[in-house]
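Peer 1: no sequence on this one, just coordinates:
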C-alpha cells in the first residue's frame with residue numbers, strides 16, 4: 001500500500017479571488033488553473049497547498065466586519081512552518097491579514113494570525 005500524501009487543506013471563503021490573492025502574496029503559493037470560479041487550489045513549492053472554496057449558499061449572507069472577527073470557534077487551524085517568523089508575520093499584515101504577538105513554546109516561536117476573512121492561521125519557526 002502506498003502512503004497517503006497531503007495535497008491541500010480546504011478553507012471555505014466568501015470572496016475566492018480576494019482570498020486567493022492574499023494566500024499568493026502572504027505565502028507565495030501558486031494558483032493552479034481552475035474552470036470553477038468558486039474553487040481554486042494554491043500550491044507551495046513543497047507540494048501541499050491550500051484550496052479555497054466558495055461558502056455554500058446557506059452561508060453566503062454572512063456579514064463580515066472590517067477587520068473581521070477571528071473565526072476562533074472553528075474546528076481547524078491551518079499551520080505554516082516558516083524560516084523567518086517576523087518577516088512572514090509582516091507579509092501577512094501587508095497582504096491584509098491580522099497577527100497577534102509571537103510567543104514561545106518548546107523552543108519554537110509561534111504566531112496566531114488570521115486571513116482577511118478571519119480564518120485563523122498559525123505560523124511557527126523551529127528553533128535550532
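Peer 2: That came through fine. Note that the structure is a prediction, hence the values are computed from the model and not measured.

Peer 1: Skip ahead from the helix ranked longest in the chain and say which helix or strand is next.
Peer 2: Longest helix in the chain, counting residues (DSSP state H): helix 16-27. Later in the chain than helix 16-27, the nearest helix or strand by DSSP states H and E is strand 30-31.

Peer 1: residues touching residue 48, list them.
Peer 2: Listed by CB atoms under 8 Å, 6 or more residues apart in numbering, the contact set of residue 48 reads 6-9. Placement of C-beta: from N, CA and C, glycine included.

Peer 1: Run through who's touching the longest helix of the chain.
Peer 2: Contacts to helix 16-27, defined as CB under 8 Å, 6+ apart, come from residues 11, 13, 29-31, 37-40, 42, 44, 50, 52-54, 80, 88, 91-92, 94-97, 115-117.

Peer 1: Among the residues you listed, name the ones in helices.
Peer 2: Among the contacts of helix 16-27, the members found in helices (DSSP H) are 88, 91-92, 94.

Peer 1: what's the farthest-apart pair in these?
Peer 2: Within the ones in helices among the contacts of helix 16-27, 88 and 94 form the most distant pair, 10.5 Å apart (CB to CB).

Peer 1: more neighbours, these two?
Peer 2: The neighbour count for residue 88 versus residue 94, taken as other CB atoms under 10 Å, is higher for residue 88 (22 against 10).

Peer 1: quick one: the strands in this structure?
Peer 2: Assigned by DSSP state E, the strands in the chain fall at 8-13, 30-31, 39-43, 49-54, 78-81, 98-99, 103-105, 108-114, 120-126.

Peer 1: Could you single out the most deeply buried of those?
Peer 2: strand 49-54 (a mean of 20; mean count of other CB atoms under 10 Å).

Peer 1: packing partners for that strand?
Peer 2: Packing partners of strand 49-54 (3 or more CB pairs under 8 Å, 6 or more residues apart in numbering; DSSP states H and E): strand 8-13, helix 16-27, strand 39-43.

Peer 1: Below-threshold pLDDT in this protein: ranges please.
Peer 2: Residues of the chain meeting the criterion pLDDT under 70: 1, 59-65.
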